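Trainee: Structural data only, the sequence is not supplied:
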């Protein structure tokens, strides 16, 4: 992933937020998952042509350069995004969200419908979620400082092991199906790099800890953003073998949002929008939504 340039922390009516802008054209607000940060948002936005889209990358509250402050709930975070747009002089955006970015993305579309041109929700949480008890390897890599160091070493020197871990942690694939999918990702430079880039954003400690801890509290609650108020054309993308955010989440949102399309990628993992054999077609469909409002 290319290094982010011109990352800023800007003051808004709802407090400070870390952001960066990449490209020119139609504005797209990019909301990362959990954990994550502006670096994860940058990886997510990699498929957006820079000569056609202005990607507005942010760190959600509690992640990296955005302090948690009093912006804990999805509603408070949605209002923060609106305040950021005010400061940037942007009236309306497309929204691209993934996973744990879903609750605040849905809330933004519901409470700020006049500012939401389109919504692309990739394996987004829409129901309450409780983090499963991690195995010992996950605890080491995601919850310790030494784990951060080890992950950087693995990404640099044992990338295949990182891909295997990602597919194992984020899907129900097994046996030959698992092996074939790992080989497929490893053989494609773009898909391979995406998984490696995301692995470097998955820490739950340090400058991401406050955001992760808050997300766990918020996601354990069952919150209705006001589905009937979401008016923007919405594309929901879901892998059928996603074991992190189960397909029921996208199905639930599809029922709630009248102007929605559910695109299911067969045997897709939590990374399906970026790594599935049909990911190019899924991304092309997402671009249609984001350019045509």
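Mentor: Now that the structure is in, tell me what you want to look at. Quick caveat, the model's predicted, so the values are computed rather than measured. Residues are numbered from 1 along each chain as shown.

Trainee: I'd say residue 216 and residue 131 touch.
Mentor: Yes. Residue 216 lies in contact with residue 131 (Cβ atoms under 8 Å); the separation is 5.8 Å. The C-beta positions use only the backbone N, C-alpha and C, and glycine is treated the same way.

Trainee: Quick check: which ranges of this structure have low pLDDT?
Mentor: Flagging of the chain using pLDDT under 70 yields the residue ranges 1-2, 132-145, 222.

Trainee: Leaving out sequence neighbours, find the closest residue to the spatially most central residue of it.
Mentor: Compute the mean C-alpha point of the chain, and by Cα atoms, centre = their mean the closest residue is residue 98, 2.8 Å away. If the residues on either side of it in the chain are set aside, residue 98 comes closest to residue 122, at 4.3 Å by Cβ to Cβ, 6 or more residues apart in numbering.

Trainee: Against residue 85, how distant is the one you found?
Mentor: Taking Cβ to Cβ, to the nearest Å as the measure, residue 122 falls 21 Å from residue 85.

Trainee: Apart from its neighbours in sequence, what residue is nearest residue 226?
Mentor: Nearest to residue 226 is residue 110, by Cβ to Cβ, 6+ apart, at 4.1 Å.

Trainee: So what does the one you found look like in phi/psi?
Mentor: Main-chain torsions, residue 110, degrees, to the nearest 10: phi -80, psi -40.

Trainee: residues contacting the residue nearest to residue 98?
Mentor: 96, 97, 98, 99, 237, 273 (Cβ atoms under 8 Å, 6 or more residues apart in numbering).

Trainee: ditto for residue 96
Mentor: By Cβ under 8 Å, 6+ apart, residue 96 lies in contact with 28, 29, 30, 31, 44, 45, 48, 120, 122, 286, 290.

Trainee: Just the buried residues of those residues.
Mentor: Among the contacts of residue 96, those buried by neighbour count (16 or more other Cβ atoms under 10 Å) are 28, 29, 30, 31, 44, 45, 48, 120, 122, 286, 290.

Trainee: would you turn these into TSV with distance to residue 147 and secondary structure?
Mentor: Shown next, in TSV, are those (distance: Cβ to Cβ, whole Å; DSSP: H, G, I helix; E, B strand; the rest coil):
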residue	distance to residue 147	secondary structure
28	32	strand
29	30	strand
30	26	strand
31	25	strand
44	23	helix
45	26	helix
48	31	coil
120	31	strand
122	26	strand
286	32	helix
290	35	helix
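
Trainee: Would you check that residue 37 makes contact with residue 63?
Mentor: Yes. If you go by Cβ under 8 Å, residue 37 and residue 63 touch, sitting 4.3 Å apart.

Trainee: So which of the two has more stuff around it?
Mentor: When neighbours are counted by other Cβ atoms under 10 Å, residue 37 and residue 63 differ, and residue 63 comes out ahead with 29 against 23.
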